[in-house]
Each structure stands twice: as C-alpha cells, then as structure tokens.
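Novice: With the sequence up front, the predicted model follows.
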Amino acid sequence: MNSPESGARILLIDDERAIRRLLRAALAAHGYEVLEAATGEEGLQSAATQHPDVIILDLGLPDLDGVQVTRRLREWTQTPIIILSVRGSEEDKIAALDAGADDYLTKPFGTGELTARIRAALRRIQPPGEGQPVFQVDELRVDLLHRTVSVDDHPVDLTPNEYELLKLLVQHAGKVVTHRQLLRAVWGSGYEEEAHLLRVNISNLRHKLESDPAQPRYILTESGVGYRLKPG
C-alpha cells in the first residue's frame, strides 16, 4: 500500500473544474499524486488504466450518475470510493453506500476532513494486483469494465443473466461457487432452490463459450456443489 509520502494516487471524478482545481492543490500539498476526470466514462477508463489508490467521486456527473459509476467500478475493483456531492439526503447516501461506496462527504466540505477520510481509506486498501478489469484464459476474454466477452477475438452475445453468472465466476476464478451462491447473486433471495434456472443458463453459456460444450474447458462442474471457472 502506498502512503501519502510515497505519492498515493488519487482519482478525482468531478465535472466542476473549480472543485478539481481546489482538490488538486490541497491533495498535492499533502504529497498525493492527483488524476482528474470530468465524466463518468472518463473516470471508469482512468480507474482501469491508471490504478488509483483512492477514488473521489461526485454523484452529479454529466453522462452517468455517480451511483451507476460506483456499481460499475465494484464489478471489478475494491479500490476505496469516497463520494463528494452536494446531495446530502439520507436516501442519496444510502443509495451510494449500498452501491459500494466506502464513505460520503457533502459539499461544501473541509479539506482537512477529506484528507482524514483518504488516510482512513488508504489503511483499508487491498494489496496490489487484485481487481484487474480484464480476465483472460486461453481464448476466453472477459472485460468487466466494458462488459464485453469474446472467444478467439470473436464477440460473444450474452443475456443479462448469462453475463452476471460469468462475471461472478470470473470474480472467483479457480474457486468453486456453489449453486445457492450463484442463484442468490443472479436471481435474488428466494431462488436458491431453482436449480433448473442455473442448469439452463450454464448450458447456454457453455454453448456460447466452449468449442465442445459436452467437454467444457472453461466452466467446470463440481458435482453436487457448484461450478468453477478455469483460472487465468
């Protein structure tokens, strides 16, 4: 984990140039390296390519809502996210935190409080190397940032449920994910016993991803327990 003195990298995702300029000066004075993005999509790209240690995110972005950005980030990274927004209602805070944000500050704010929140976030940071947005094993490539799947460089069109299943297996590649875990995560509470839903969707996934679905190379069955994705 980086410390401020060693130049921990902070990504600011905010469309207000004045706020970014203020934060850049304040954070640089504390020894942080500062990256900037003015839109949600730009911020997602920067998070994937620049690997920040902490993300400071506004909710009111011009293209994507900050809650949506948070959800998309949480599909592939556990980098700490601090929301910094004029929205101060309990509903907004709950929505952002439920989406995966780690902390919430309301504008106007004090830079001293913000830097204290950043220091706390850095103490909780994951070890480097985890949460990479692109998974690849043999010819199978899954880009969690852009939500795309390809086999041998050919795009694969998945249904929303098929993609969610594959995403969960990617996030636990090499580990067994139980039937109940998969059903609960994709279809929700109350579907844990609907094994036929899982069998049908896994079969469909295999027909789309495997050269020989009867002898799968990627999605492996752990009999009576669940499924495991071949690790990259």
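Specialist: That came in fine, so what should we check first?
Novice: any idea how far the lengthiest helix in the chain is from the chain center?
Specialist: What stands out as the longest helix in the chain, according to DSSP state H, is helix 195-209. Helix 195-209 has its C-alpha centroid displaced from the chain centroid by 24 Å (C-alpha atoms, centre = their mean, to the nearest Å).
Novice: what comes up buried for that helix?
Specialist: Buried positions in helix 195-209, judged by neighbour count with 16 or more other C-beta atoms under 10 Å: Leu198, Asn201, Ile202, Asn204, Leu205, Arg206, Lys208, Leu209. (Glycine included, C-beta is placed from N, CA and C.)
Novice: quick one: the helices in this structure?
Specialist: 17-29, 40-50, 66-74, 90-99, 111-123, 160-171, 179-187, 195-209.
Novice: Could you say which of the ones you listed is packed most deeply?
Specialist: Highest mean neighbour count of those: helix 66-74, a mean of 21 (counted as mean count of other C-beta atoms under 10 Å).
Novice: Compare the helices of the chain and report which one is nearest to Asp58.
Specialist: helix 66-74 (5.8 Å; C-beta to C-beta).
Novice: between that closest one and helix 40-50, how big is the angle?
Specialist: Interaxial angle, helix 66-74 versus helix 40-50 (axes from the mean of the first three to the mean of the last three C-alpha atoms, to 10 degrees): 20 degrees.
Novice: Taking their axis directions, helix 66-74 and helix 90-99 sit at what angle?
Specialist: Calculated by the same axes, to 10 degrees, helix 66-74 forms an angle of 10 degrees with helix 90-99.
Novice: Redo the buried residues of helix 195-209 as TSV? Include pLDDT.
Specialist: Output for the buried residues of helix 195-209, formatted as TSV (pLDDT from 0 to 100):
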residue	pLDDT
Leu198	95
Asn201	96
Ile202	97
Asn204	97
Leu205	97
Arg206	97
Lys208	97
Leu209	97
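Novice: distance of Ser46 from Gly40?
Specialist: Applying C-beta to C-beta, to the nearest Å, the value for Ser46 to Gly40 is 11 Å.
Novice: List the residues that are in contact with both of those two.
Specialist: The contact sets of Ser46 and Gly40 overlap at Ile13 (C-beta atoms under 8 Å, 6 or more residues apart in numbering).
Novice: Just the buried residues of stretch 81-92, please?
Specialist: Across stretch 81-92, burial judged by 16+ other C-beta under 10 Å covers Ile81, Ile82, Ile83, Leu84, Ser85, Arg87, Asp92.
Novice: sorry, back to before: show me what the longest helix of the chain is packed up against.
Specialist: strand 148-151, helix 160-171, helix 179-187, strand 219-222 (3 or more C-beta pairs under 8 Å, 6 or more residues apart in numbering; DSSP states H and E).
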